[in-house]
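In: Give me coordinates for this.
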Amino acid sequence: MQIYLVGGAVRDRLLGRPVVDRDYVVVGADPSQLLALGYRPVGKDFPVFLHPQTNEEYALARTERKSGHGYAGFAFHADATVTLADDLRRRDLTINAMAQDEDGNLVDPFGGAADLEARVLRHVSPAFAEDPVRILRIARFAARYAPLGFRIAPETLALMRAMTADGEVDHLVAERVWAETRRALTEPQPSAFVAALRACGALARLFPEIDALYGVPQRPEYHPEIDTGVHTEMVVDMAARLAPGDALVGWCALVHDLGKALTPADQLPRHVGHEEGGVEPIRAVNARYRVPAEFAELAVLCCRQHLNAHRALELRPGTVLELFEKLDGFRKKERVEQFLLVCEADKRGRLGLTESEYPQARWLREAYAAAAAITAATFVDRGLAGPAVGEAMREARIRAIAALRQ
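Out: Below you'll find the model as predicted:
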């Protein structure tokens, strides 16, 4: 029995990145041997076991054969005759198909180290085409490693296009699409995820509402980048910069302008009412991928209210209070900050404006703090009750916001 460290841990160690998770492959063994050593089996689909002390995952070397559509349509074979090379060959990318033995020696049968050096994301074998999840995964890896200069190999992109054309993408289940998208939004350059899906045609199949933004013009005095799709890419990258690792802010940034794809051609490049027009497309995407309620609700709010944030310095105090109330900000105060991060990403996610100031956010934070400091206790102590307390609080909050401008 031989044990090898495999996959992401080997890749990240060679890149000089922190190693978070360690996965191991066991060659020359069967389940009974691992059970006898105290390993605990995990699940039913794969021959995976947890180490009795470290709880790290150890998988028996296995091969797989396509047996149906989608990522679940596989038959697996694992026994003591499966070699390490057999196991590595079934993996998606060469940079994920490396192993390290117990002495620290690198096992690299498919050139993963050379592709790391060349900054290339390349598939291991034609078997890549058998699993549509790999399209999402390679797009997610692009979002993670694009800042390091990685690109998708032309032959791999061609294979991804063929998979999309063959309809494999249509068999992806909603939960898996959402899981990979959510993870991609935590990476440093989420635009690379969107761009990779678009380059292979999968964006139009999975997120037609986002794909429809490309080629839609905006007014150049507000959007020097002009193209709404390009703007969306810039916004998600700015969101990743302002709120690193925050998929909620990233999701709201990604879908905030979906209404612009619905603007009639005779009104372009103006987009009057796009903030309300974007609500139904957002709801459609949220429903399709069973997006968590927290994400779904805030995405709609950001779509509807982002222009009010941009106009904050011009709004009446009562309208500013209404904005906070619509965000449910006095019960869920974190929403105000999340909303402001999305709006700042929208404002700075434009050509030539990435380093610009966004004073609206500073003003709205001050206004929110002033309003939130007004509580019911003061008015109850004065003898008010019922609806009169709420009305008095509202009036006091408006006065507190107005006082900031004096």
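In: Tell me where the model's unsure across the stretch 1-150 of the chain.
Out: 43-46, 64-78 (pLDDT under 70).
In: And the strands in it?
Out: For the stretch 1-150 of the chain, applying DSSP state E, counting those that start in this stretch gives strands covering 2-6, 23-27, 40-42, 48-50, 57-60, 63-66, 74-77, 99-100, 106-107, 120-121.
In: Give the other helices and strands that the fourth one contacts.
Out: Applying 3 or more C-beta pairs under 8 Å, 6 or more residues apart in numbering; DSSP states H and E, one finds that strand 48-50 makes contact with helix 31-36, strand 40-42, strand 57-60. To be clear about C-beta, it is placed using only N, CA and C from the backbone, and glycine gets the same treatment.
In: so how far is it off the chain centroid?
Out: Strand 48-50 sits 28 Å away from the centroid of its parent chain (C-alpha atoms, centre = their mean, to the nearest Å).
In: Give the pairing partners of that strand; include direction for each.
Out: Sheet pairing of strand 48-50 (DSSP bridges) gives strand 40-42 (antiparallel), strand 57-60 (antiparallel).
In: if we compare those strands, which one ends up closest to G386?
Out: Closest to G386 of the strands paired with strand 48-50 is strand 40-42 (C-beta to C-beta; 56.4 Å).
In: what comes up buried for that closest one?
Out: Residues of strand 40-42 classed as buried: none (neighbour count, 16 or more other C-beta atoms under 10 Å).
In: what does that strand contact?
Out: Residues from elsewhere that reach strand 40-42, judged by C-beta atoms under 8 Å, 6 or more residues apart in numbering: P31, L35, V48, F49, L50, P52, E57.
In: Narrow the residues you listed to those that are buried.
Out: V48, F49, L50, E57.
In: ok, for the last one, nearest residue in space, not its chain neighbours?
Out: Spelled out, that is E57. D23 (5.2 Å; C-beta to C-beta, 6 or more residues apart in numbering).
In: Is it correct that that neighbour is in contact with R11?
Out: No. Using C-beta atoms under 8 Å, D23 makes no contact with R11, being 11.1 Å away.
In: The two: which is more packed in?
Out: R11 (23 against 16; other C-beta atoms under 10 Å).
In: give the contact list for the more buried one.
Out: I95, N96, M98, G112, L116.
In: same question, H306
Out: H256, E275, V342, C343, D346.
In: and it, what are its phi and psi?
Out: phi -60, psi -30 (degrees, to the nearest 10).
In: Chain neighbours aside, what residue packs nearest to it?
Out: C343 (5.1 Å).
In: so the one you found sits in a helix?
Out: Yes. Assessed with DSSP: H, G, I helix; E, B strand; the rest coil, C343 lies in a helix.
In: mind listing the strands in the stretch 301-406 of the chain by residue range?
Out: Going by DSSP E, counting those that start in this stretch, the stretch 301-406 of the chain shows no strands.
In: All the helices of it, in order from the start?
Out: For the stretch 301-406 of the chain, helices defined by DSSP state H, counting those that start in this stretch occupy the ranges 317-326, 334-348, 359-372, 376-381, 387-403.
In: Quick check: which of these is buried the most?
Out: The highest average neighbour count among those, using mean count of other C-beta atoms under 10 Å, belongs to helix 334-348 at a mean of 22.
In: How far away from the center of its chain is it?
Out: On C-alpha atoms, centre = their mean, the centre of helix 334-348 falls 16 Å from that of its chain.
In: Ok, stretch 49-68 next?
Out: Per C-alpha atoms, centre = their mean, the centroid offset for stretch 49-68 relative to its chain is 27 Å.
In: now do stretch 202-219
Out: Chain-centre distance of stretch 202-219: 17 Å, with C-alpha atoms, centre = their mean.
In: on that earlier part again, list just the one of the helices and strands packed on strand 48-50 that sits closest to L197.
Out: strand 57-60 (28.8 Å).
In: Give me the contacts around the closest one.
Out: For strand 57-60, the surrounding residues in contact (C-beta under 8 Å, 6+ apart) are 3, 23-26, 29-31, 34, 39, 42, 46-51, 78-79, 82.
In: Could you rerun that using 6 Å?
Out: Defining contact as C-beta atoms under 6 Å, 6 or more residues apart in numbering, one finds that strand 57-60 is touched by D23, Y24, V25, V26, P47, V48, F49, H51, A78.
In: again, but for stretch 320-339
Out: V249, L301, C302, N308, A367, Y368, R397, I398, I401.
In: Repeat that for stretch 380-394.
Out: I374, A376, F379.
In: could I get it in CSV with only the CA atoms?
Out: The C-alpha trace of stretch 380-394 is given here as CSV (Å, rounded to 0.1, in the frame of the first residue of the first chain):
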residue,chain,number,x,y,z
VAL,A,380,-42.1,55.2,25.4
ASP,A,381,-40.7,57.1,28.4
ARG,A,382,-42.6,60.1,27.2
GLY,A,383,-45.8,58.2,27.5
LEU,A,384,-46.4,57.4,23.8
ALA,A,385,-47.7,54.0,22.8
GLY,A,386,-48.6,51.9,19.7
PRO,A,387,-48.4,53.6,16.2
ALA,A,388,-47.5,56.9,17.8
VAL,A,389,-44.1,55.6,18.9
GLY,A,390,-43.3,54.6,15.3
GLU,A,391,-44.4,57.9,13.9
ALA,A,392,-42.4,59.9,16.5
MET,A,393,-39.3,57.8,15.8
ARG,A,394,-39.7,58.4,12.1
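In: Leaving out sequence neighbours, find the closest residue to V291.
Out: That would be W178: by C-beta to C-beta, 6+ apart, it lies 6.3 Å from V291.
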